[in-house]
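Asks: I'd like to go over a predicted model; first the sequence, then the structure.
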Amino acid sequence: MNTAAVAFDSRHAARQRLRETLFRGATLVAALLVLTLLGGVALSLLHGSWPAFSHFKFAFLTREIWNPVTDQFGALAPVYGTVVTSLLAMIIAIPISFGIAIFLTELSPAWLKRPVGVAIELLAAVPSIIFGIWGLFVLAPILQRHVQPWLIEWLGPLPLIGKLFQGPPFGIGILTASVVLAIMVLPFISAVMRDVFETVPDVLKESGYGLGATTWEVIWKVVVPYSRTGIVGGIMLGLGRALGETMAVTFVIGNAHRISPSLLAPGTTISASIANEFTEAVGDLYTSSLVALGSLLFLITFTVIAAARFMLLRLDRRALSSV
Amino acid sequence: MNRRTIRKITNGLALCMSGLATAIGLFCLGAILWTLISRGVAGMSIALFTQNTPPPGGTGGILNAIYGSVVMTLIGILIGAPIGMLAGTYLAEYGRASRLSSVIRFVNDVLLSAPSIIVGLFIYELLVVRMGHFSALAGAVALAVIAIPVTVRTTEDMLNLVPQGMKDASTAMGAYPWRTITSIIYPAARSGIVTGLLLAVARISGETAPLLFTVLNNQFWSTNLRAPMANLPVVIFQFALSPYKNWQQLAWSGALLVTLAILILSITARVVVSALNPAGGKQR
């Protein structure tokens, strides 16, 4: 195109300006829509859960009862289940993720780095329902036959922690759900940890080696302190995932609306209750109570994820594009 | 034992544990894939792809579920991708350093990790309650809501990779920003954007929770977007938990299909990225 002619063609210039305004407007509207989405989610949940909150008031949060027949609902058992399964999952997943991240950044030979890294990332791509059926048909029977009897025999009689490991080995239950959750979140946590470890300047590590430190000492005394915020952020991100995970947990938790002291007993989580009962819920109060559970989950995960993202803000955004 | 030996032993132990942790992670992936293949292959047959979901005890396939999943995923990505790409464009170009952008970026990151069942509840309140019935359209919108944050993030990241010099050259020629973006930046970032779309498709095609109470399920062949439609994730969920052997077999075969499709998409996406950036994956 002849630029001189273009510059003097005022109609052309006006058309260009119009397109510019339209395109710019479209991108802005789309960007604002992202904001609206979060607001819309919050508002619609609040609206849907209003009947339950106004009927049960504060008692909704403190009661264990969940009886659709008498229309009595309380959120304590699902909230307890959500928190306990997620925390247990983190206890299992954090050391493993840490080990994987260390392996990928410090130990692995160069040719092995990429295949192992991709394999771990693929574990994150497996849909949660697959973890669910695998957990129910493969993992639960193994735990029931080989792990839980052992836990009951050796840890059950102990004082204090013994209560956590008593009762029959059901296979499905809090413990199994936690193990499945741990496997699900470990690729997320290890991906973040690997990325933050890679931000540690080589000069710092080399100074450590120069002073005669072993690999482990460099990791524990140089790499970890340097990337502490990122590590905590990654863990919180994993926790956010675990708290909201639905399908995998629904398969293996056992769906019992009660709080048992034993980790081997069936329980329920917020998301599992919603997934199981929502389409069968009869009556406004029942539906509303389930949506109210959803609001609680939203509140809990939002807080955890927001905190995680806040901690990870300082990191290079590129480094985190996979999570 | 002197200090030096203790330090050496600690080091060896710690590194062994790290290797062990990696082995555990890889073993889990292997175990899941092995289970899927060994149980799913038994149900692979022509009927699987040519017949609809059967009643308990009957024979059949999952044709209607495959169709439903493909249709809803496509509609979901057709709604979600343009919105996500435009929003990503705003964040990377027009509003790069503005305060609004950093808020949107933060909100988008939160949405990226938000539980998908919450999205299901949101669409239920927004569409299902208003329309009065479950529908494939509601399911597709739920999937779009999940696809949007993924596309926003990848689009912004990929646009940021385009060298500033190229943008400046275009601006110096007298091009308006929209012209620079559509004629210079998008083509330059094309493979990256395609990767983002593939990842978004991979992400939504296995989602179950947001579909449970938006599309529900349908035992029969249906192409009506305003009615419940069969879809693979929900069929897998219901059939796997059923007591019927033939339903469980279909669930395993369906699970194998979904997982294979998603893994192939994810691997393709990674191949595209490494072709774009030979240094490999996410290294800067």
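Replies: It's in.
Asks: can you give me the helices in the stretch 1-150 of chain A?
Replies: Using DSSP state H, counting those that start in this stretch, the helices of the stretch 1-150 of chain A run over A:3-8, A:10-56, A:59-62, A:76-102, A:110-125, A:128-134, A:140-142, A:148-154.
Asks: tell me which of the ones you listed sits most buried.
Replies: A comparison of these by mean neighbour count, using mean count of other C-beta atoms under 10 Å in any protein chain shown, puts helix A:128-134 on top with a mean of 26. Placement of C-beta: from N, CA and C, glycine included.
Asks: can you tell me what sits against that helix?
Replies: A:180, A:183-184, A:245-252, B:31-32, B:35-36, B:206, B:208-209, B:233, B:236-237, B:240, B:251-252, B:255, B:258-259 (C-beta atoms under 8 Å, 6 or more residues apart in numbering or on different chains).
Asks: shaky segments in the chain?
Replies: As the question left the chain open, I've gone with chain A. A:1-8, A:314-323 (pLDDT under 70).
Asks: try chain B instead
Replies: B:276-284.
Asks: and the residue nearest the centre of the chain?
Replies: The chain I'm using is chain A. residue A:241 (0.8 Å; C-alpha atoms, centre = their mean).
Asks: not what I meant, chain B
Replies: Short answer for chain B (C-alpha atoms, centre = their mean): residue B:203, at 0.9 Å.
Asks: backbone dihedrals for that residue, both of them.
Replies: Backbone geometry at residue B:203, expressed as degrees, to the nearest 10, gives phi -70, psi -50.
Asks: which ones are touching it?
Replies: Here residue B:203 is in contact with B:146, B:147, B:150 (C-beta under 8 Å, 6+ apart).
Asks: give me that answer again for 6 Å
Replies: residue B:150 (C-beta atoms under 6 Å, 6 or more residues apart in numbering or on different chains).
Asks: and residue 196, how many residues sit next to it?
Replies: In the absence of a named chain, chain A is used. 27 (other C-beta atoms under 10 Å in any protein chain shown).
Asks: chain B was what I was after
Replies: Considering only other C-beta under 10 Å, residue B:196 is surrounded by 29 other residues.
Asks: the helix or strand containing it: what's the following helix or strand?
Replies: Here residue B:196 sits within helix B:190-205, counting by DSSP states H and E. Later in the chain than helix B:190-205, the nearest helix or strand by DSSP H and E is helix B:209-212.
Asks: could you export whichever helix or strand comes after that following helix as CSV, CA atoms only?
Replies: Tracing the chain past helix B:209-212, the next element assigned as helix or strand by DSSP H and E is helix B:232-240. The C-alpha coordinates for helix B:232-240 follow below in CSV (Å, rounded to 0.1, in the frame of the first residue of the first chain):
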residue,chain,number,x,y,z
LEU,B,232,-18.3,-39.3,28.6
PRO,B,233,-17.3,-38.0,32.0
VAL,B,234,-20.8,-38.3,33.5
VAL,B,235,-21.4,-41.7,31.8
ILE,B,236,-18.1,-42.9,33.3
PHE,B,237,-19.1,-41.6,36.7
GLN,B,238,-22.6,-43.2,36.7
PHE,B,239,-21.5,-46.5,35.0
ALA,B,240,-18.4,-47.0,37.1
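Asks: re earlier: as a markdown table, the helices of the stretch 1-150 of chain A with distance to residue B:24 would be great.
Replies: Listed next are the helices of the stretch 1-150 of chain A as a markdown table, based on distance: least, C-beta to C-beta, whole Å:
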| stretch | distance to residue B:24 |
| --- | --- |
| helix A:3-8 | 63 |
| helix A:10-56 | 36 |
| helix A:59-62 | 37 |
| helix A:76-102 | 6 |
| helix A:110-125 | 11 |
| helix A:128-134 | 15 |
| helix A:140-142 | 14 |
| helix A:148-154 | 19 |
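Asks: and the contacts of helix A:128-134, which are buried?
Replies: Buried by 16 or more other C-beta atoms under 10 Å in any protein chain shown: A:180, A:183-184, A:245-252, B:32, B:35-36, B:206, B:208-209, B:233, B:236-237, B:240, B:251-252, B:255, B:258-259, out of those.
Asks: before we move on, the earlier item: which stretch among the helices of the stretch 1-150 of chain A comes nearest residue A:222?
Replies: helix A:76-102 (12.5 Å; C-beta to C-beta).
Asks: quick one: list the elements packing against the closest one.
Replies: helix A:174-198, helix A:228-244, helix A:270-277, helix B:3-40 (3 or more C-beta pairs under 6 Å, 6 or more residues apart in numbering or on different chains; DSSP states H and E).
Asks: run the angle between that helix and helix A:174-198 for me.
Replies: Relative orientation of helix A:76-102 and helix A:174-198, computed by axes from the mean of the first three to the mean of the last three C-alpha atoms, to 10 degrees: 40 degrees.
Asks: could you check how far helix A:76-102 is from the centre of its chain?
Replies: When distances are taken as C-alpha atoms, centre = their mean, to the nearest Å, helix A:76-102 is centred 9 Å away from the chain's centroid.
Asks: likewise stretch B:16-27?
Replies: Relative to its parent chain, stretch B:16-27 has a centroid offset of 27 Å by C-alpha atoms, centre = their mean.
Asks: what parts of the stretch 51-200 of chain B come near chain A?
Replies: B:83, B:86-87, B:89-90, B:94, B:104, B:107-110, B:113, B:115, B:117-118, B:121-122, B:125-126, B:157, B:176, B:178 (C-beta under 6 Å from any C-beta of the partner chain).
Asks: restricted to helices, list these.
Replies: B:83, B:86-87, B:89, B:104, B:107-110, B:113, B:117-118, B:121-122, B:157, B:178 (DSSP state H).
Asks: report how many residues lie close to the closest residue to residue A:88 other than its chain neighbours.
Replies: Among residues not flanking residue A:88 along the chain, residue A:178 sits closest, at 3.7 Å (C-beta to C-beta, 6 or more residues apart in numbering or on different chains). The burial count assigned to residue A:178 is 25, neighbours taken as other C-beta under 10 Å.
Asks: enumerate the positions of stretch A:103-112 that are buried.
Replies: A:103, A:104, A:105, A:106, A:107, A:108.
Asks: for residue A:215, see how far away the fourth one is.
Replies: Between residue A:106 and residue A:215 the distance is 6 Å, computed by C-beta to C-beta, to the nearest Å.
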